[in-house]
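**Q** Got a sequence here, can you model it:
(2 chains)
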Amino acid sequence: NAGVTQTPKFQVLKTGQSMTLQCAQDMNHEYMSWYRQDPGMGLRLIHYSVGAGITDQGEVPNGYNVSRSTTEDFPLRLLSAAPSQTSVYFCASSPGQGEVNEQFFGPGTRLTVL
Amino acid sequence: DAKTTQPPSMDCAEGRAANLPCNHSTISGNEYVYWYRQIHSQGPQYIIHGLKNNETNEMASLIITEDRKSSTLILPHATLRDTAVYYCIVRVGQGGSEKLVFGKGTKLTVNP
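**A** Numbering: from 1, shown residues only, chains lettered A, B, ... in the order given. Next comes the predicted model:
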(Lines give C-alpha, C1' and ligand atoms only; values in the text may rest on other atoms or scores of the structure.)
Protein backbone atom coordinates (compact mmCIF):
# COMPACT_ATOMS: atom_id res chain seq x y z
CA ASN A 1 0.00 0.00 0.00
CA ALA A 2 1.16 3.52 -0.81
CA GLY A 3 -0.81 4.87 2.18
CA VAL A 4 -1.72 8.56 1.92
CA THR A 5 -0.19 10.40 -1.03
CA GLN A 6 -0.19 14.13 -1.68
CA THR A 7 0.72 16.12 -4.77
CA PRO A 8 2.45 18.39 -5.41
CA LYS A 9 5.19 18.38 -2.74
CA PHE A 10 5.97 22.06 -3.29
CA GLN A 11 4.01 24.87 -4.93
CA VAL A 12 4.47 28.61 -5.37
CA LEU A 13 1.44 30.71 -6.28
CA LYS A 14 0.78 34.37 -6.89
CA THR A 15 -1.93 36.15 -4.97
CA GLY A 16 -5.30 35.55 -6.58
CA GLN A 17 -4.37 32.32 -8.36
CA SER A 18 -6.36 29.17 -7.74
CA MET A 19 -5.13 25.61 -7.44
CA THR A 20 -6.04 22.15 -6.20
CA LEU A 21 -4.01 20.12 -3.74
CA GLN A 22 -4.46 16.42 -4.37
CA CYS A 23 -4.81 13.74 -1.71
CA ALA A 24 -5.38 10.03 -2.26
CA GLN A 25 -5.39 6.96 -0.03
CA ASP A 26 -5.46 3.28 -0.94
CA MET A 27 -6.50 1.86 2.45
CA ASN A 28 -10.26 2.08 1.84
CA HIS A 29 -10.58 4.53 4.74
CA GLU A 30 -13.92 6.25 5.30
CA TYR A 31 -12.59 9.35 7.03
CA MET A 32 -10.32 11.92 5.39
CA SER A 33 -9.18 15.32 6.63
CA TRP A 34 -7.15 18.34 5.61
CA TYR A 35 -4.95 20.25 8.07
CA ARG A 36 -2.64 23.21 7.73
CA GLN A 37 0.45 23.85 9.81
CA ASP A 38 2.00 27.29 10.15
CA PRO A 39 5.59 27.72 11.42
CA GLY A 40 5.98 26.78 15.09
CA MET A 41 2.33 25.83 15.42
CA GLY A 42 0.30 22.66 15.72
CA LEU A 43 -1.97 21.43 12.94
CA ARG A 44 -5.33 23.10 12.40
CA LEU A 45 -8.26 21.33 10.76
CA ILE A 46 -9.55 22.88 7.50
CA HIS A 47 -12.18 20.44 6.22
CA TYR A 48 -13.01 16.81 6.77
CA SER A 49 -15.13 14.04 5.30
CA VAL A 50 -16.72 10.99 6.94
CA GLY A 51 -17.47 9.30 3.63
CA ALA A 52 -17.96 9.80 -0.09
CA GLY A 53 -20.35 12.65 -0.74
CA ILE A 54 -20.13 14.00 2.83
CA THR A 55 -17.91 16.92 3.85
CA ASP A 56 -17.89 19.41 6.69
CA GLN A 57 -15.93 22.42 7.89
CA GLY A 58 -13.17 22.34 10.43
CA GLU A 59 -11.57 25.12 12.43
CA VAL A 60 -10.20 27.23 9.54
CA PRO A 61 -12.32 26.59 6.39
CA ASN A 62 -12.40 30.08 4.85
CA GLY A 63 -10.79 30.30 1.42
CA TYR A 64 -10.88 26.53 0.83
CA ASN A 65 -13.31 24.14 -0.84
CA VAL A 66 -13.44 20.36 -0.77
CA SER A 67 -15.44 17.59 -2.36
CA ARG A 68 -15.41 13.80 -1.91
CA SER A 69 -16.72 12.01 -4.97
CA THR A 70 -14.83 8.78 -4.26
CA THR A 71 -13.59 7.02 -1.15
CA GLU A 72 -9.99 7.30 -2.34
CA ASP A 73 -9.67 11.00 -3.20
CA PHE A 74 -10.15 14.20 -1.22
CA PRO A 75 -8.88 17.27 -3.12
CA LEU A 76 -8.51 20.68 -1.47
CA ARG A 77 -9.16 23.73 -3.64
CA LEU A 78 -7.81 27.19 -2.99
CA LEU A 79 -10.21 29.56 -4.69
CA SER A 80 -8.13 32.75 -4.70
CA ALA A 81 -4.77 32.31 -3.00
CA ALA A 82 -3.68 34.83 -0.38
CA PRO A 83 -0.30 35.21 1.39
CA SER A 84 -2.03 34.14 4.64
CA GLN A 85 -2.48 30.71 3.07
CA THR A 86 1.27 30.14 2.93
CA SER A 87 1.60 26.99 5.00
CA VAL A 88 2.26 23.26 4.96
CA TYR A 89 -0.85 21.25 4.16
CA PHE A 90 -1.35 17.72 5.44
CA CYS A 91 -3.99 15.25 4.36
CA ALA A 92 -4.95 12.38 6.66
CA SER A 93 -7.22 9.35 6.59
CA SER A 94 -8.61 6.94 9.17
CA PRO A 95 -10.78 3.83 9.02
CA GLY A 96 -13.85 5.42 10.61
CA GLN A 97 -14.72 2.25 12.50
CA GLY A 98 -13.60 0.75 15.77
CA GLU A 99 -12.34 2.13 19.02
CA VAL A 100 -9.43 4.35 18.15
CA ASN A 101 -9.34 5.29 14.51
CA GLU A 102 -5.66 6.04 14.16
CA GLN A 103 -5.07 8.78 11.59
CA PHE A 104 -2.54 8.22 8.84
CA PHE A 105 -0.93 11.37 7.47
CA GLY A 106 0.52 12.16 4.07
CA PRO A 107 3.95 13.77 3.57
CA GLY A 108 2.54 17.27 3.12
CA THR A 109 2.42 19.98 0.46
CA ARG A 110 4.49 23.09 1.10
CA LEU A 111 2.66 26.09 -0.36
CA THR A 112 4.02 29.61 -0.73
CA VAL A 113 1.75 32.42 -1.86
CA LEU A 114 3.55 35.56 -3.05
CA ASP B 1 -12.74 18.12 23.68
CA ALA B 2 -10.69 18.49 26.81
CA LYS B 3 -7.77 20.90 26.67
CA THR B 4 -4.25 19.53 27.12
CA THR B 5 -1.15 21.22 28.52
CA GLN B 6 2.39 20.10 27.65
CA PRO B 7 5.81 21.59 28.34
CA PRO B 8 7.15 23.33 25.22
CA SER B 9 10.47 21.50 25.22
CA MET B 10 12.44 18.71 26.88
CA ASP B 11 15.87 17.15 26.53
CA CYS B 12 16.90 13.55 26.99
CA ALA B 13 20.19 11.67 26.73
CA GLU B 14 20.41 8.93 24.12
CA GLY B 15 19.69 5.52 25.65
CA ARG B 16 17.84 6.94 28.61
CA ALA B 17 14.09 6.94 29.14
CA ALA B 18 12.18 10.00 27.94
CA ASN B 19 9.14 10.85 30.05
CA LEU B 20 6.78 13.34 28.41
CA PRO B 21 4.00 14.70 30.65
CA CYS B 22 0.56 15.88 29.63
CA ASN B 23 -2.10 17.54 31.75
CA HIS B 24 -5.76 17.06 30.81
CA SER B 25 -7.61 17.98 33.97
CA THR B 26 -10.99 18.50 32.24
CA ILE B 27 -11.07 15.11 30.53
CA SER B 28 -14.44 13.41 30.55
CA GLY B 29 -15.23 9.75 31.05
CA ASN B 30 -15.51 8.77 27.39
CA GLU B 31 -12.45 10.63 26.13
CA TYR B 32 -9.29 8.82 25.14
CA VAL B 33 -5.74 10.11 25.39
CA TYR B 34 -3.86 9.88 22.09
CA TRP B 35 -0.19 10.57 21.42
CA TYR B 36 1.22 11.48 18.02
CA ARG B 37 4.65 12.71 17.04
CA GLN B 38 5.98 14.76 14.16
CA ILE B 39 9.56 14.23 13.08
CA HIS B 40 11.06 17.32 11.43
CA SER B 41 8.54 18.42 8.78
CA GLN B 42 6.92 15.06 8.12
CA GLY B 43 3.27 14.24 8.68
CA PRO B 44 2.36 13.30 12.26
CA GLN B 45 2.64 9.65 13.25
CA TYR B 46 0.36 7.83 15.69
CA ILE B 47 2.16 6.43 18.75
CA ILE B 48 -0.30 5.08 21.30
CA HIS B 49 -3.66 5.68 22.94
CA GLY B 50 -5.39 4.84 26.23
CA LEU B 51 -8.61 5.32 28.17
CA LYS B 52 -7.77 4.56 31.80
CA ASN B 53 -5.42 1.62 31.91
CA ASN B 54 -1.72 1.86 31.24
CA GLU B 55 -0.80 0.79 27.73
CA THR B 56 2.37 -0.43 26.03
CA ASN B 57 3.25 -1.11 22.43
CA GLU B 58 6.45 -1.49 20.45
CA MET B 59 7.03 2.26 20.39
CA ALA B 60 6.15 3.50 23.86
CA SER B 61 4.26 3.16 27.13
CA LEU B 62 1.41 5.35 28.28
CA ILE B 63 0.80 5.87 31.99
CA ILE B 64 -2.54 7.48 32.92
CA THR B 65 -3.14 8.61 36.49
CA GLU B 66 -6.02 7.06 38.39
CA ASP B 67 -8.05 10.30 38.25
CA ARG B 68 -7.22 10.54 34.51
CA LYS B 69 -6.23 14.19 34.86
CA SER B 70 -2.74 13.64 33.56
CA SER B 71 -0.66 11.13 31.66
CA THR B 72 2.96 10.40 30.75
CA LEU B 73 4.33 9.04 27.51
CA ILE B 74 7.46 6.97 28.09
CA LEU B 75 10.03 6.19 25.42
CA PRO B 76 12.06 3.56 27.28
CA HIS B 77 15.38 3.88 25.42
CA ALA B 78 15.39 7.12 23.46
CA THR B 79 17.42 7.29 20.26
CA LEU B 80 18.43 10.26 18.13
CA ARG B 81 15.61 9.34 15.74
CA ASP B 82 13.09 10.03 18.51
CA THR B 83 13.86 13.75 18.29
CA ALA B 84 10.45 15.16 17.32
CA VAL B 85 7.47 17.20 18.48
CA TYR B 86 5.13 15.05 20.58
CA TYR B 87 1.43 15.88 20.71
CA CYS B 88 -0.95 14.78 23.45
CA ILE B 89 -4.58 14.86 22.24
CA VAL B 90 -7.78 14.07 24.09
CA ARG B 91 -10.66 12.93 21.96
CA VAL B 92 -13.80 10.86 22.09
CA GLY B 93 -12.79 7.37 21.00
CA GLN B 94 -15.85 6.25 19.09
CA GLY B 95 -15.64 8.23 15.90
CA GLY B 96 -14.38 11.77 15.71
CA SER B 97 -10.92 10.74 14.66
CA GLU B 98 -11.26 12.92 11.59
CA LYS B 99 -11.18 16.00 13.80
CA LEU B 100 -8.08 15.80 15.93
CA VAL B 101 -7.14 19.04 17.71
CA PHE B 102 -3.38 19.55 17.87
CA GLY B 103 -1.77 21.95 20.33
CA LYS B 104 1.87 23.06 20.08
CA GLY B 105 3.16 19.84 21.65
CA THR B 106 6.51 19.16 23.33
CA LYS B 107 9.71 19.44 21.32
CA LEU B 108 11.85 16.50 22.51
CA THR B 109 15.54 16.67 21.70
CA VAL B 110 17.54 13.49 22.23
CA ASN B 111 21.21 14.30 22.72
CA PRO B 112 24.14 11.96 22.01
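
**Q** all contacts plus neighbour counts: C-alpha atoms, from now on.
**A** Fine.

**Q** Residue A:113 pairs with what?
**A** Applying DSSP bridges to residue A:113 gives these bridge partners: residue A:13.

**Q** Pull the contacting residues for it.
**A** Shown in contact with residue A:113 (Cα atoms under 8 Å, 6 or more residues apart in numbering or on different chains): A:12-15, A:81-86.

**Q** and if we set it to 6 Å?
**A** Taking Cα atoms under 6 Å, 6 or more residues apart in numbering or on different chains, we find residue A:113 in contact with A:12-14, A:83, A:86.

**Q** Just the buried ones from these, in ChimeraX syntax?
**A** Isolation of the buried members of the contacts of residue A:113 (16 or more other Cα atoms under 10 Å in any protein chain shown) is achieved in ChimeraX through the command below:
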select /A:13,86
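
**Q** Of the contacts of residue A:113, just say which sits nearest to chain B.
**A** residue A:86 (15.0 Å; Cα to the nearest Cα).

**Q** Could you say which helix or strand holds the most centrally placed residue in chain A?
**A** The centroid of chain A falls nearest to residue A:34 when counting by Cα atoms, centre = their mean (2.9 Å). Residue A:34 belongs to strand A:31-37 when assigned by DSSP states H and E.

**Q** Taking chain B, what residue is nearest to chain A?
**A** Counting by Cα to the nearest Cα, chain B gets nearest to chain A through residue B:104 (4.7 Å).

**Q** and the lowest-mean-pLDDT helix or strand in chain B, what other elements does it pack with?
**A** Every helix and strand in chain B was compared by mean pLDDT, DSSP states H and E; the lowest is strand B:84-92, with a mean of 89. Based on contacts counted as 3 or more Cα pairs under 6 Å, 6 or more residues apart in numbering or on different chains; DSSP states H and E, the elements that strand B:84-92 packs against are strand B:31-38, strand B:106-111.

**Q** gap between it and the chain center?
**A** In terms of Cα atoms, centre = their mean, to the nearest Å, the centre of strand B:84-92 is found 5 Å from the chain centre.

**Q** Run the angle between that strand and strand B:31-38 for me.
**A** Counting by axes from the mean of the first three to the mean of the last three Cα atoms, to 10 degrees, strand B:84-92 lies at 160 degrees to strand B:31-38.
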